[in-house]
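K.L.:
structure for this input, please:
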Amino acid sequence: MEIFYCEVQEMVTVEAFFEGLYVTILGVTVVFAVLMILALAMYGIGYLERALIEREKPAVEAIQKPKEEKVKVEEKPAIEPKKLAIITAAILVRVLYWAYAFNVFTLEFLALGGS
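P.N.:
As a prediction, this is how the structure comes out:
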């Protein structure tokens with residue numbers, strides 16, 4: 001007949017609990033920092049797009065003049081929208097790459113105990 005031994009795990013110590021709490025707080029802080037950097041990058045890209053693409057401004061006429069034939073000249077934006085979309089996508093990919101690399105580096109740093 002075999003004897004079966006059952007080991008009972010000890011309760012979690014206060015030190016282990018606080019260590020887990022600190023790691024969790026650090027992880028949440030890093031995630032929100034990365035999200036904040038991405039939000040700022042996207043805001044900057046949107047601002048740049050608005051600055052580069054000139055919007056049409058409606059002309060306000062206070063007095064109705066007799067109708068004259070007007071020749072409309074279409075103004076082209078400084079950068080074509082397709083090229084601007086490609087540039088925006090390239091910038092976002094680069095930002096996401098650096099955010100991922102920073103996150104991996106931080107996790108490896110924590111896993112190695114800060115050495």
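K.L.:
switch to C-alpha atoms for all contacts and neighbour counts from now on
P.N.:
OK.
K.L.:
look at the residue minimising distance to the centre of the chain and report its pLDDT.
P.N.:
Closest to where the C-alpha atoms of the chain average out (CA atoms, centre = their mean) is Leu38, at 2.1 Å. Model confidence at Leu38, given as pLDDT, is 89.
K.L.:
can you check the one 5 residues further on too?
P.N.:
Looking at Tyr43, its pLDDT stands at 90.
K.L.:
torsion angles phi and psi at it?
P.N.:
phi -60, psi -40 (degrees, to the nearest 10).
K.L.:
tally of neighbours for it?
P.N.:
Using other CA atoms under 10 Å, Tyr43 has 12 other residues around it.
K.L.:
residues of the helix or strand hosting Tyr22 that come out buried?
P.N.:
Here Tyr22, judged by DSSP states H and E, is contained in helix 14-52. Buried residues in helix 14-52, counted by 16 or more other CA atoms under 10 Å: Gly27, Val30, Val34, Leu38, Met42, Ile45, Glu49.
K.L.:
now do stretch 70-88
P.N.:
Leu84, Thr88.
K.L.:
buried stuff in the helix-or-strand element of the chain with minimal mean pLDDT?
P.N.:
Within the chain, no helix or strand scores below helix 81-111, which has a mean of 77 by mean pLDDT, DSSP states H and E. Across helix 81-111, burial judged by 16+ other CA under 10 Å covers Leu84, Thr88, Leu92, Val95, Ala99, Asn103.
K.L.:
among those residues, which one sits closest to Thr13?
P.N.:
Asn103 (29.0 Å; CA to CA).
K.L.:
check contacts around the closest one.
P.N.:
Val30 (CA atoms under 8 Å, 6 or more residues apart in numbering).
K.L.:
separation between it and Gly20?
P.N.:
Separation of Asn103 from Gly20 (CA to CA, to the nearest Å) stands at 19 Å.
K.L.:
got it, and Lys72?
P.N.:
Taken as CA to CA, the span from Lys72 to Gly20 is 67 Å.
K.L.:
repeat that for Ala90.
P.N.:
From Ala90 to Gly20 the distance is 38 Å (CA to CA).
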